[in-house]
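Novice: Okay, predicted coordinates and the sequence, questions at the end:
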Amino acid sequence: MSTFSASCNKASRLTGQQFALPVERKIFVLGLFVPQSGPAGIWGPSCRACGELAVHEINTTGGILGMEVVPHIVDSGGDPQKVARLAKVLANTNVIDAIVGMHTSDVREAIVESLKGRIPYIYTPLYEGGVNSKHVCCIGETPQTQLFPAISWFLTQHHSQRWALIGNDYVWPHRSHKLTHRLLELFGASVVFETYHPLGTKKFEKSLQGLEEHRPDVVLLSLVGDDSVRFNREFSRAGLATHTIRLSCAVEENMLLGIGADHTERLFCSSGYFNQIPSTSNEKFKESYHQHFGESAPTLNALAESVYEGTHFLAKCIQDGRYQMSARQTASSSSDSRYELSVPGPRQARWQSQKRSVSCPVYL
C-alpha cells in the first residue's frame, strides 16, 4: 500500500448562517441521510452503523448543548428531488435539527437548493470539489487530493499514457473526469475512451467493447456501489484485467466482497481510509465499533468512516460555537475566520478554517 501526503479539501464556509431550535426542544434530532436503496445502498448498513456509533459516543460525553442526540435515519439513495423535498419537510416541521449526509453529489445539490441553509448540513464523502455554497460543509476528499496523486504515480511509475474514463452519468464523475483530462494533458498522456452510464445500469457491454477496441493502459472508474461491483465482475470475465489497470476512488471493502477476489487483478483504489490501516487510532476505532455492534457488524470502509467523522465534526462545530444554536433565539455561526478543530476519528483529522482543509494521508 502506497501512501501519499495530501491536504484534503475538507470544508466550505461555516459563516453567515442562521439556526434556531424550537423552544421546547429537549433532544437534538440528527438527520442521518445515508443510502438504503439504489446502487449506493451497498454502503447503507455500514454508514448507518458508524453514524449511530458517533451519536452514542457524543451522548456519553453530554450530547450537543446538553441535549441527547437522537438519530433520524433517512434513505438518501433514491431520486435526488424526492430526497430534497423530504429534507425540506423534515427541517421546516422541526423534525430534524441538522443533517449529516453520505450520498451522491446530485442529492447534495438538490438538498442545498431545497433547504437554502435552513439547518446545518455536513456532507461527508469524497466529492468533485469546487463547492462554495455557504449552505453545506463538505468534508470529503477531492480529486486534487485523492485522485491526482494516484494518477501521477501511475504516469511516473508505470508510464501509463493511454487512459479510459468510465463513470455514472451525474455530477461527480463528470467534474472529476474534466479535471483528470487537464492533469493527463500536463503529462502528455491522452484519454482514448470515455463513456457514462445511468445509475443502476445492469450491463456494461458498451464500455467493455470500447475498452477492448482502444486498449488503454488504465481505466479510471467513477461508478457507484453496485454499478461498480457489476462492472468489475464483467470486466474480469471479459479477460481485460490481464492487460489493463483499474483505478477507482470509490471501491471499498463491501464492494470488494461483492466483486470477489477472483475479479480484482490489477484493481487499485485511492482513499483516505481503509479498515486495515495499521495505526493506534484505527485500532481504537475498530475496537469501539465491534464492541458496540459485535464481530458480525457491517464491514468498515472509507464512506462509513466519513459518516462517523462528519457526525463528530458537526457536534464539535456546535459545541465550539462555529454553529451557534439556541432553544430561544436564532444566532449565526461564528465569523472567526482563523481556527482549528480536531475531529475524533481513526485519521485524527485536524481542520483548519483559514485553508478550509485537513492534512491527511491518502493510500493507494
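Specialist: Yep, it's here. Numbers count the residues shown, from 1 in each chain.

Novice: Only alpha carbons, please: show stretch 203-223 as CSV.
Specialist: In CSV, the C-alpha atoms belonging to stretch 203-223 read as follows (Å, rounded to 0.1, in the frame of the first residue of the first chain):
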residue,chain,number,x,y,z
LYS,A,203,-25.0,-4.4,-18.2
PHE,A,204,-21.8,-2.7,-19.5
GLU,A,205,-21.4,-4.1,-23.0
LYS,A,206,-20.7,-0.6,-24.4
SER,A,207,-17.9,0.1,-22.1
LEU,A,208,-16.3,-3.4,-22.4
GLN,A,209,-16.4,-3.2,-26.2
GLY,A,210,-14.8,0.2,-26.1
LEU,A,211,-12.1,-0.9,-23.8
GLU,A,212,-11.3,-4.0,-26.0
GLU,A,213,-11.1,-1.8,-29.0
HIS,A,214,-9.0,1.1,-27.6
ARG,A,215,-6.8,-1.0,-25.2
PRO,A,216,-6.0,1.7,-22.6
ASP,A,217,-3.2,1.2,-20.0
VAL,A,218,-5.5,2.4,-17.2
VAL,A,219,-9.3,2.7,-16.8
LEU,A,220,-10.4,5.2,-14.2
LEU,A,221,-13.7,4.0,-12.7
SER,A,222,-16.1,6.6,-11.2
LEU,A,223,-19.0,4.2,-10.7
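
Novice: Which residues does it contact?
Specialist: Defining contact as CB atoms under 8 Å, 6 or more residues apart in numbering, one finds that stretch 203-223 is touched by 147, 151, 154, 158, 160-168, 172-173, 176-177, 180, 192-193, 195, 197, 228, 230-232, 234-235, 238, 240, 243-251. (Glycine included, C-beta is placed from N, CA and C.)

Novice: now that stretch: mean pLDDT?
Specialist: When pLDDT is averaged along stretch 203-223, the result is 97.

Novice: give me the low-pLDDT residue ranges for this structure?
Specialist: Across the chain, the ranges flagged by pLDDT under 70 are 1-25, 324-339, 350-359.

Novice: Quick check, central residue of it?
Specialist: In the chain, the residue lying closest to the centroid (CA atoms, centre = their mean) is Pro125, at 1.1 Å.

Novice: Disregarding residues adjacent in the polypeptide, which is nearest to that residue?
Specialist: Gly140 (4.7 Å; CB to CB, 6 or more residues apart in numbering).

Novice: Check the gap between the one you found and Tyr127 for me.
Specialist: 5 Å (CB to CB, to the nearest Å).

Novice: Repeat that for Glu57.
Specialist: From Glu57 to Tyr127 the distance is 25 Å (CB to CB).

Novice: What of Pro149?
Specialist: In terms of CB to CB, Pro149 sits 17 Å off from Tyr127.

Novice: of the two, who's got more company?
Specialist: Regarding Pro149 and Tyr127, a neighbour count based on other CB atoms under 10 Å identifies Tyr127 as having more, with 23 against 17.

Novice: The more buried one: what's it in contact with?
Specialist: Counted by CB under 8 Å, 6+ apart, Tyr127 has contacts 105, 108, 138, 140-142, 172.
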